[in-house]
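[1] only geometry, no sequence info:
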Ligand SMILES: Nc1nc2c(c(=O)[nH]1)N(C=O)[C@@H](CNc1ccc(C(=O)N[C@@H](CCC(=O)O)C(=O)O)cc1)CN2
Ligand SMILES: Nc1ncnc2c1ncn2[C@@H]1O[C@H](COP(=O)(O)OP(=O)(O)OP(=O)(O)O)[C@@H](O)[C@H]1O
């Protein structure tokens, strides 16, 4: 495939995957998110992590609010993305879910007065959102390169755990050189360890 063909293939696959993700009923999203949370709680990398970079979910995504609540109660340091520029984000510490307010693209993030940036090198585990994933660990995001840049350049040491609904797992996900691979994928049905 040429570079242009890869971009086209990514675009098509992203549309299809987001359509699938968005067509889950609210009740199904809730039930699957709970199952994913239970799997995460029993995963060694999550249990052992002192600092977890989660995300503040948009409505169609896997919901991690209850996971974050429990991680905080266990004394873990929890962070979520803060968009700081085009394709550039930082990890910002969440001390309480009540500190989250709508930010860029309407995605919840920590309100300005409470912002404390977490050093990317201190992240043990990153829970990664996305549009589509393949079982070998390739990821297709929303197309702005936020996670590829952050994980590849700033936090290469972190364990990368994709969280997604099983309908987002595709046979193949087109890859470019900058795409960062996942170490594991957690869905409502299974935990996939990627090689
Ligand atoms: N909950 C959550 N937070 C996240 C992500 C995510 O996937 N989920 N991200 C994962 O990367 C980053 C945000 N990525 C985004 C990528 C594209 C667009 C977006 O809506 N793009 C528009 C174009 C907007 C414009 O050009 O100004 C579009 O595609 O139509 C939004 C967020 C960081 N935070
Ligand atoms: N590490 C990087 N360095 C420079 N440019 C990058 C890097 N990663 C991604 N990009 C650029 O960002 C754009 C989006 O990349 P891509 O389509 O892989 O994003 P994505 O993984 O789908 O998005 P996101 O992480 O925001 O969900 C592309 O133009 C790509 O070339």
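    Sure, I can see it. Worth saying up front: this structure is predicted, and the values here are computed from it rather than measured. Ligands and ions are numbered 1, 2, ... in the order given.

[2] List the contacts of residue 104.
    Residue 104 makes contact with residue 83, according to Cβ atoms under 8 Å, 6 or more residues apart in numbering. Glycine gets a C-beta too; all of them are placed from N, C-alpha and C.

[3] Likewise for residue 195?
    With contacts defined as Cβ under 8 Å, 6+ apart, the neighbours of residue 195 are 136-137.

[4] Quickly note the distance from it to ligand 2.
    Taking Cβ to the nearest ligand atom, to the nearest Å as the criterion, residue 195 is separated from ligand 2 by 20 Å.

[5] tell me the contacts of residue 134?
    For residue 134, the contacting residues are 169-173, by Cβ under 8 Å, 6+ apart.

[6] swap in residue 89?
    By Cβ under 8 Å, 6+ apart, the contact list for residue 89 reads 81-83, 146, 149-150.

[7] circling back: cross the contacts of residue 134 against strands and list the overlap.
    169-170 (DSSP state E).

[8] residues of the lengthiest strand in the chain that come out buried?
    Here the longest strand in the chain is taken by residue count, with DSSP E as the criterion, and it is strand 77-85. Judged by neighbour count (16 or more other Cβ atoms under 10 Å), strand 77-85 contains these buried residues: 77-83.

[9] Nearest to residue 122 among these?
    residue 77 (7.9 Å; Cβ to Cβ).

[10] Check which residues of the longest helix anywhere in the chain are buried.
    The helix of greatest length in the chain, counted in residues with DSSP state H as the criterion, is given as helix 3-22. Across helix 3-22, burial judged by 16+ other Cβ under 10 Å covers 10, 13-14, 17-18, 20-21.

[11] Over to stretch 104-120?
    Under the neighbour-count criterion of 16+ other Cβ under 10 Å, stretch 104-120 has 107-110, 118, 120 buried.

[12] for the residues you listed, which one is nearest ligand 2?
    Minimum distance to ligand 2 across the buried residues of stretch 104-120 is 11.3 Å, recorded for residue 107 (Cβ to the nearest ligand atom).

[13] is it true that the closest one touches residue 59?
    No - Residue 107 is not in contact with residue 59 according to Cβ atoms under 8 Å; the separation is 10.6 Å.

[14] what residues does stretch 50-61 touch?
    By Cβ under 8 Å, 6+ apart, the surrounding residues in contact with stretch 50-61 are 18, 21-22, 24, 26, 29, 46, 63-65, 67-68, 71, 76-81, 91, 100, 106-109, 118, 122-129, 155, 158.

[15] First residue to last residue on that stretch, what's the distance there?
    Using Cα to Cα, to the nearest Å, the end-to-end distance of stretch 50-61 comes to 24 Å.
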